[in-house]
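> After the sequence you'll find the predicted model.
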Amino acid sequence: MSMGTEDFTPPRASRLPSVLSLARTVWRGDGDLLSLLPGEAFSMKAGELGFSRRSIKLFNEPGLVKQILQDTEGVYPKSDLMVGALEKLIGDSIFVSDGPKWRRQRAMIDPAFSKMRLTLAFGAMQAAVADYTERLNASADRGETISLDQVTSELTADIICRTVFSTSLDMQISKDVFEDFVIFERGVAQVKIWRLIVDPAWTKVEQDPEVLAACDRIRRHLGALTDTHLNAAPGTYDDIASAVIAARDKETGEAFTREELIDQLGVFFLAGHETSASALTWAFYLLAMQPDVTARLRAEVDAVTGGGEIGFDAIRKLVFTRSVFKETLRLYPPITFMPRVAMKASRIGPYKVRKGALFDDRAMDHASPCRLLGPARHLRSRALHAGPRG
């Protein structure tokens, strides 16, 4: 990575042999799957990841990834581990379903995706950023230390609420949601290593009571926001939630039930909240490590906007700024793994895959030193602001 005047090596996962990677991960006891990856995982086109009862494979070759993604027979659905980890939060929604059920859900919520266009969502995003910037400026004036991770999480939660539900998120609810997502990620996103090694495929994923309680609280908040739309007069709202509520099955004419609405709207919240927060956290972290890049980014913004407000028309002109975020996403993709499971013995290219095998499919950039790093946690920084105010 060399966006600045000097080469800069960003944080990356250590590359150790398989046995040492396993020993390090077990010793730490934090379920960090990235540390479990052996060094060869970052360069091989395809192969087995250590030894496990169910077989774990990684496919990085684009042609093999394409074969998996074009799975017309449903041989490689989303993995049982991922479904088990997420179902308490988002049920059997579009993010974890497969086959006919996925196609039905996708057809029903397609109109909602049009509401996600930047041209429609920009105003809500801009308002949320403006409100939060005032809070950050006040914190900076008081000399307070903040958690950058929490800041981005609260901001993106507010943006999601404004774009999905047409309402800003109360700051206390925002804090509650952030804390519950931390509990959820700590208990669910980091899979217990022994499950990968000794458990057979499709073993039921047991969740800790603390995680289940966090999921219940998040769903309760989403349910309250959903009810504001369900109880409103027709035509009151024109947003993502209203589009999902209005969706009907083309064959039966049925709408989503209230629980199904929470499932589907939970996907929008999950996919657009923590993922965006993670990307922003890493972007600010990288910028903090490279002051010259930060100065160049600010100079471009000032040149394009004349020091004024960043309007929608200015976005396409911020070429360098966009490149910074693209590079951040390349280095630290928010969704690091999208694991799948083989429903029957098969072949992926020249490689045999046995029934129950767990594998991840992604075309890696082999030149990247840290392509597989995931969401940031516990990065702390002083309050950041864009420049002189007033």
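On my side now, so go ahead.
> could you pull out the helices for the stretch 151-300 of the chain?
Assigned by DSSP state H, counting those that start in this stretch, the stretch 151-300 of the chain shows helices spanning 171-184, 193-198, 209-230, 240-246, 258-289, 291-305.
> Show me the least confident stretch of these, going by mean pLDDT.
Lowest mean pLDDT within those: helix 193-198, at a mean of 71.
> Give me the local confidence score for the residue nearest to residue 289 when sequence neighbours are not counted.
The spatially closest residue to residue 289, leaving aside those adjacent along the chain, is residue 8, at 6.5 Å (Cβ to Cβ, 6 or more residues apart in numbering). (C-beta placed from N, C-alpha, C; glycine too.) The per-residue pLDDT reported for residue 8 equals 79.
> Need phi/psi at residue 8.
Main-chain torsions, residue 8, degrees, to the nearest 10: phi -140, psi 130.
> Quick check: it touching residue 291?
No - applying Cβ atoms under 8 Å, one finds residue 8 not in contact with residue 291, separated by 10.9 Å.
> Which one of those two is surrounded by more residues?
Taking neighbours as other Cβ atoms under 10 Å, residue 8 and residue 291 compare with residue 8 leading, 14 against 10.
> can you give me the helices in the stretch 1-150 of the chain?
So, for the stretch 1-150 of the chain - with DSSP H, counting those that start in this stretch - the helices run 18-28, 33-36, 62-69, 80-90, 99-114, 118-141, 148-165.
> what does the average pLDDT come to for the second one?
Which is helix 33-36. 68.
> What of the last one?
Regarding helix 148-165, the rounded mean pLDDT is 89.
> so what does it touch, helix or strand wise?
helix 118-141, helix 171-184, helix 209-230, helix 240-246, helix 258-289, strand 380-382 (3 or more Cβ pairs under 8 Å, 6 or more residues apart in numbering; DSSP states H and E).
> Quick one: closest of the ones you listed to residue 60.
Closest approach to residue 60 among those is made by helix 258-289 (21.6 Å; Cβ to Cβ).
> so that closest one versus helix 118-141, what angle?
Interaxial angle of helix 258-289 relative to helix 118-141 (axes from the mean of the first three to the mean of the last three Cα atoms, to 10 degrees): 60 degrees.
> List the buried residues for helix 258-289?
Judged by neighbour count using 16 or more other Cβ atoms under 10 Å, the buried positions of helix 258-289 are 260-287.
> repeat for stretch 239-249
The neighbour-count check on stretch 239-249 (16+ other Cβ under 10 Å) flags 239, 240, 241, 242, 243, 244, 245, 247 as buried.
> for the residues you listed, which one is nearest residue 224?
The nearest member of the buried residues of stretch 239-249 to residue 224, counting by Cβ to Cβ, is residue 241 at 12.1 Å.
> What distance do you get for that closest one to residue 116?
Residue 241 sits 12 Å away from residue 116, going by Cβ to Cβ, to the nearest Å.
> swap in residue 106?
14 Å.
> Residue 186 too?
29 Å.
> cool, and residue 108?
Per Cβ to Cβ, residue 108 is found 15 Å from residue 116.
> In space, what's closest to residue 250 - neighbours in sequence excluded?
residue 107 (6.4 Å).
> Pull the number of nearby residues for the one you found.
For residue 107, the neighbour count with other Cβ under 10 Å is 14.
> ok, it touching residue 252?
No - between residue 107 and residue 252 there is no contact under Cβ under 8 Å: 11.9 Å.
> Now residue 173: closest residue in space, sequence neighbours ignored.
residue 221 (5.9 Å).
> now residue 51
Leaving aside its sequence neighbours, residue 51 sits nearest to residue 197 (Cβ to Cβ, 6+ apart; 7.5 Å).
> Please report the distance of the residue positioned nearest the centre of the chain from residue 282.
For the chain, the residue sitting closest to the mean C-alpha position, by Cα atoms, centre = their mean, is residue 275 at 2.9 Å. As judged by Cβ to Cβ, residue 275 and residue 282 stand 11 Å apart.
> Then residue 137?
23 Å.
> swap in residue 354?
36 Å.
> which non-adjacent residue is nearest residue 352?
Spatial nearest neighbour of residue 352, chain neighbours left out: residue 345 (7.4 Å); criterion: Cβ to Cβ, 6+ apart.
> which residues does the one you found contact?
352, 353, 354, 355 (Cβ atoms under 8 Å, 6 or more residues apart in numbering).
> same thing but at 10 Å, please
By Cβ atoms under 10 Å, 6 or more residues apart in numbering, the contact set of residue 345 is 75, 352, 353, 354, 355, 356, 357.
> Over to residue 347?
Per Cβ under 10 Å, 6+ apart, neighbours of residue 347: 67, 353.
> Just the local confidence number for it, please.
Per-residue confidence (pLDDT) for residue 347: 92.
> Can you pull the poorly scored residue ranges out of the stretch 51-200 of the chain?
Scanning the stretch 51-200 of the chain for pLDDT under 70 picks out the ranges 171, 174, 188-195.
> which one of residue 108 and residue 116 has more residues nearby?
Set residue 108 next to residue 116 and count neighbours by other Cβ under 10 Å: residue 108 wins out with 22 against 14.
> quick one: the more buried one and residue 253, what's the gap?
Counting by Cβ to Cβ, the gap from residue 108 to residue 253 is 11 Å.
> what's the neighbour count on the residue nearest to residue 106 when sequence neighbours are not counted?
Excluding its sequence neighbours, the residue lying closest to residue 106 (Cβ to Cβ, 6+ apart) is residue 94, at 6.0 Å. Per other Cβ under 10 Å, the neighbour tally for residue 94 reads 20.
> Show the backbone phi and psi for residue 94.
When read as degrees, to the nearest 10, the backbone of residue 94 gives phi -60, psi -30.
> Now for it: which residues touch it?
Contacts of residue 94 (Cβ under 10 Å, 6+ apart): 101-106, 108-109, 263-264, 267-268, 271.
> If we use 8 Å, what do you get?
102, 105, 106, 109, 264, 267.
> quick one: residue 306 from residue 83, how far?
To residue 83, residue 306 is 50 Å away according to Cβ to Cβ.
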